[in-house]
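S.K.: Predicted coordinates and the sequence they were generated for:
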Amino acid sequence: MKHFLLQFFLFAALFSTAQPRPSLPQLKWHDMEYYLFMHFGPNTFTDKEWGHGDEKEEVFNPAQLDCRQWCRIAKAAGAKGIIITAKHHDGFCLWPSKYSKHTVRESKWKSGKGDVLKELSMACKEYGLKFGVYISPWDRNHPDYGTAKYNDVFVGMMKELFANYGPIWELWWDGANGEGPNGKKQVYDWHRFKETVKKLSPNTVVFSDVGPHIRWVGNENGIAGETNWNMLDTAGYTPGAGAPSNEVLNTGNENGKAWIPAECDVSIRPGWFYHKEEDGKVKSPEQLFQLYLKSVGRGANLLLNVPPDGNGLITAFDSAALMGFKKLRSESFKHDIVNQLLDKKEVTVQFQHTDSVRYSPTGGKVEVMDYKNNYLLVRFKNIQEINCIVLKENLKKGQRIKHFFVQIPGEDNNLKAYYVKGTTIGHKRILTFPKIRTAFVSLYIPESNGNPFPEVPEMYLLNDQLIEK
């Protein structure tokens, strides 16, 4: 009896420290991986990046606006959603908000009867894309900005968004906080803002520097940290100037109290809004693929900005780059060698600890019970040529793996043919390397916070020009 109780309490102690785990909406967010950002508004027509809020409403006039074109291109590019700048720092609303006089209603576009959010939300539904909204709390136009009343205005605007354009999958808060037209700065009521969204749309994931659901990655280059924890400590921090350092946002906190994974925002052009002189500076498909490896390939999501032009259309320059990017991803990750060979019974996946061996004849998720000395071995019946491995964790159990290393001996059994040490894995970790012909691949997990839950690795043969630079 004493022996039984001792085992029980040891087992209970092992799991007594609760680790953060993602909610169901966050798990679904992880699976999105890649989607589009669209910066659109008066800046599109004034050639600015940050408007001053005094731009005449009549400047906004996208005569050929076609949100269905945006969605056709996004869908064809493999993006799974679109987040639109419904209100940037200039305060101009892309919907006819009753809380502002600086909106599409006051513009010449469609004689003041237009509504960009309505058109885009409907188009997203038609094409099976998730609809997201960026709304900046900073407002360089609104006369109440800098007073307590403005928090009522901002809450009212958010209520309009959820009531008229939902479901909204992701709400994006920019933490910028500058002066309004009266020269004052606003004291944002972040708690009230969060509670408003939670009440109106509990399945919406909210982004800011510190979440509450998704965090900024700490740069606008589209690059996550090679160490990238999905957890973050937020006590005492606020979005914007009150956020943790960019370094902390980039890597997360290993023992963070909340599940707040990183999102990598980056523009396909040098700027965020459309500028004609940047038509020749659109990132190439190969550059976008490298960003994919350093964002999605490091456990984060990629939010790629593609700004519509003054006609209200995605240009041919951007569209061509997106289609090329899609082609590279499709060709590169089309044939998972491991799963193909599992179907033919020409590969075994072995999970081992000391003298305890477990096999997975059909792949899938396997729990490794002892995390101190375990390893995962993929053994091929015939020699295979690979230059890419995709590692994954079962995030339903949380993020646990803190140190791994992969060993791939060459065809001649040279154990040093490829050997790499790494830290976190998370949703996905993509490793690329020069081509190797090999009979087996070993994944060792010497350190994890509790039992690790690795998935069977995927393996590919990519074009040599695409391996991570």
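M.R.: Happy to help now that I have it. Since this is a predicted model, take the numbers as computed values, not measurements. Numbering: from 1, shown residues only.

S.K.: Could you report the distance from the nearest residue to residue 348 once chain neighbours are set aside to residue 406?
M.R.: Distances taken as C-beta to C-beta, 6 or more residues apart in numbering place residue 379 nearest to residue 348, at 5.1 Å, with adjacent residues excluded. Glycine gets a C-beta too; all of them are placed from N, C-alpha and C. From residue 379 across to residue 406, the span is 14 Å (C-beta to C-beta, to the nearest Å).

S.K.: Between those two, which is the more surrounded one?
M.R.: residue 406 (20 against 13; other C-beta atoms under 10 Å).

S.K.: so which helix or strand takes in the more buried one?
M.R.: If you go by DSSP states H and E, residue 406 is part of strand 401-408.

S.K.: Give the buried residues for that strand.
M.R.: 401-402, 404, 406-408 (16 or more other C-beta atoms under 10 Å).

S.K.: Select, from those residues, the two members most distant in space.
M.R.: 402 and 408 (21.8 Å; C-beta to C-beta).

S.K.: Distance check, the residue nearest to residue 348 against residue 346.
M.R.: Using C-beta to C-beta, we find residue 379 at a distance of 10 Å from residue 346.

S.K.: residues touching the nearest residue to residue 205 once chain neighbours are set aside, list them.
M.R.: Closest residue to residue 205 apart from its sequence neighbours, by C-beta to C-beta, 6+ apart: residue 213 at 4.1 Å. Residues in contact with residue 213 (C-beta atoms under 8 Å, 6 or more residues apart in numbering) are 23, 25-26, 29, 205-207, 260.

S.K.: any chance of these in JSON lines, plus secondary structure, neighbour count and distance to residue 55?
M.R.: Converted to JSON lines, the contacts of residue 213 look like this (DSSP: H, G, I helix; E, B strand; the rest coil; neighbours: other C-beta atoms under 10 Å; distance: C-beta to C-beta, whole Å):
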{"residue": "23", "secondary structure": "coil", "neighbour count": "13", "distance to residue 55": "40"}
{"residue": "25", "secondary structure": "helix", "neighbour count": "16", "distance to residue 55": "36"}
{"residue": "26", "secondary structure": "helix", "neighbour count": "18", "distance to residue 55": "37"}
{"residue": "29", "secondary structure": "helix", "neighbour count": "24", "distance to residue 55": "34"}
{"residue": "205", "secondary structure": "strand", "neighbour count": "25", "distance to residue 55": "31"}
{"residue": "206", "secondary structure": "strand", "neighbour count": "20", "distance to residue 55": "28"}
{"residue": "207", "secondary structure": "strand", "neighbour count": "26", "distance to residue 55": "26"}
{"residue": "260", "secondary structure": "coil", "neighbour count": "30", "distance to residue 55": "35"}
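
S.K.: my guess is residue 220 contacts residue 265, does it?
M.R.: Yes: applying C-beta atoms under 8 Å, one finds residue 220 in contact with residue 265, separated by 6.0 Å.

S.K.: out of the two, which sits in the busier spot?
M.R.: Neighbour count, other C-beta under 10 Å: between residue 220 and residue 265, residue 265 has more, with 22 against 13.

S.K.: list the contacts for the more buried one?
M.R.: Taking C-beta under 8 Å, 6+ apart, we find residue 265 in contact with 37, 216-217, 220, 222, 303, 305.

S.K.: May I ask which of the residues you listed has the most neighbours?
M.R.: Among the contacts of residue 265, residue 217 has the most neighbours (other C-beta under 10 Å), with 30 neighbours.

S.K.: Which per-residue confidence value corresponds to that one?
M.R.: pLDDT, residue 217: 98.

S.K.: Same question for residue 440.
M.R.: Residue-level pLDDT assigned to residue 440 equals 89.

S.K.: do the same with residue 362
M.R.: pLDDT at residue 362 comes out at 38.

S.K.: Give me the neighbour count for residue 433.
M.R.: Residue 433: 18 neighbours (other C-beta under 10 Å).

S.K.: cool, and residue 113?
M.R.: Residue 113: 9 neighbours (other C-beta under 10 Å).

S.K.: Next up, phi/psi of it, please.
M.R.: phi -100, psi 0 (degrees, to the nearest 10).

S.K.: Buried by neighbour count: which residues of stretch 78-98 qualify?
M.R.: Residues 78-97 are the ones in stretch 78-98 that count as buried (16+ other C-beta under 10 Å).

S.K.: From one end of that stretch to the other, what's the distance?
M.R.: 36 Å (C-alpha to C-alpha, to the nearest Å).
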